[in-house]
Structures are given as C-alpha cells and as structure tokens.
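Undergrad: this one's sequence-less:
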C-alpha cells in the first residue's frame, strides 16, 4: 500500500469509496445521488482540500481530506478495513497537521469513535446534529500532539 496526493481527475473514485464506506451506515439518511457525490468530490473537495489516498495495485482503498485545522473526511472501503489503511491515512494527516486538528464523527459510529480514541483523539463535545447536513447526532474530536518532553 502506498499513500499519495489525490489527482484532480479522481472525483469519481473518491465518490465511489465514499459511497461504499457509507453504505453500511444505515442510521444516515441518503441525501445525495451518486452523481451529486461525484460532482462534489470532483468540483469542490479536490480543489478546496488536501486529499490523500491510500492505494494498492492501482486501486484506491481509502482517502482523507484535510483543511487548515480539520480532517473533513476519512473513508476506507469496507473490504479494506482492518488492514491498516485508516491508520496509514491518520498518520499522514498527523504528519501534515503536526500542530493538531479536529474532526466530526456521527455519535452512532462506534467503530470510528474507538478508532479515533485509539489514535489519541479526545472528545470535545457532542451535539444533537442540528448543524450537520444529515441532522444526525455527532461528536467533535480533537488531536493535539503530546507536549515535548522537557529535561
């Protein structure tokens, strides 16, 4: 597996990974069509975010999107989960944002919450979801690098 910056022509691929990863999240409403997802990733996300993909044998297994101080997304194909893809993407995000960053996760996504907590994120707050597009309760997590040891 290797990590690389996403190319501007990969909107459809990112939308496919996004759709596959979210398919199992049955607590989420279906708000957009696959065509709308392709448009969003191709026209918005790829030009406004720093997106990194994990690939193997020329197949994108997952991706993460970063803005200044927010991880906007991290998605891994279901068949690639549990193989270190998410961890590799998380480590890349920490490398790219060494001063720390935040992320939002749906409260019901227990697997993702445990993943973030294992990677040193702390819960900042939980909301009723009124401010997210899905209107589903979510949680804000934050990662800050450990303080440098003094001595």
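TA: That came through fine. Please read these numbers as outputs of a predicted model, since none were measured by experiment.
Undergrad: low-confidence ranges, the chain, go.
TA: Applying pLDDT under 70 to the chain flags the ranges 148-151.
Undergrad: now do the helices in it.
TA: Per DSSP state H, the chain carries helices over the ranges 11-22, 34-39, 46-48, 85-96, 110-118.
Undergrad: would a markdown table of those helices with mean neighbour count and distance to residue 59 be doable?
TA: Where C-beta positions appear, they are placed from N, C-alpha and C, glycine not excepted. Formatted as a markdown table, these follow (neighbours: other C-beta atoms under 10 Å; distance: least, C-beta to C-beta, whole Å):
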| stretch | mean neighbour count | distance to residue 59 |
| --- | --- | --- |
| helix 11-22 | 19 | 9 |
| helix 34-39 | 14 | 18 |
| helix 46-48 | 13 | 18 |
| helix 85-96 | 18 | 11 |
| helix 110-118 | 15 | 22 |
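Undergrad: for residue 60, which of the ones you listed is the nearest?
TA: Residue 60 lies closest to helix 11-22 among those, at 5.1 Å (C-beta to C-beta).
Undergrad: tell me the contacts of residue 1?
TA: Contacts for residue 1 were tallied using C-beta atoms under 8 Å, 6 or more residues apart in numbering; they are 54, 55, 56, 61, 83, 84, 85, 88.
Undergrad: between those, which is closest to residue 10?
TA: Nearest to residue 10, judged by C-beta to C-beta, of the contacts of residue 1 is residue 55 at 10.2 Å.
Undergrad: for that closest one, which residues make a bridge with it?
TA: residue 2, residue 60 (DSSP bridges).
Undergrad: measure it to residue 16 for me?
TA: Residue 55 sits 13 Å away from residue 16, going by C-beta to C-beta, to the nearest Å.
Undergrad: likewise for residue 88?
TA: From residue 88 to residue 16 the distance is 19 Å (C-beta to C-beta).
Undergrad: number of nearby residues for residue 69?
TA: For residue 69, the count of nearby residues is 11 (other C-beta atoms under 10 Å).
Undergrad: residues touching the residue nearest to it when sequence neighbours are not counted, list them.
TA: The shortest distance from residue 69 to any non-neighbouring residue, by C-beta to C-beta, 6 or more residues apart in numbering, is to residue 101 (5.1 Å). Counting by C-beta under 8 Å, 6+ apart, residue 101 makes contact with 66, 69, 70, 71, 93, 142, 143.
Undergrad: out of these, which are buried?
TA: Buried by 16 or more other C-beta atoms under 10 Å: 66, 71, 93, 142, 143, out of those.
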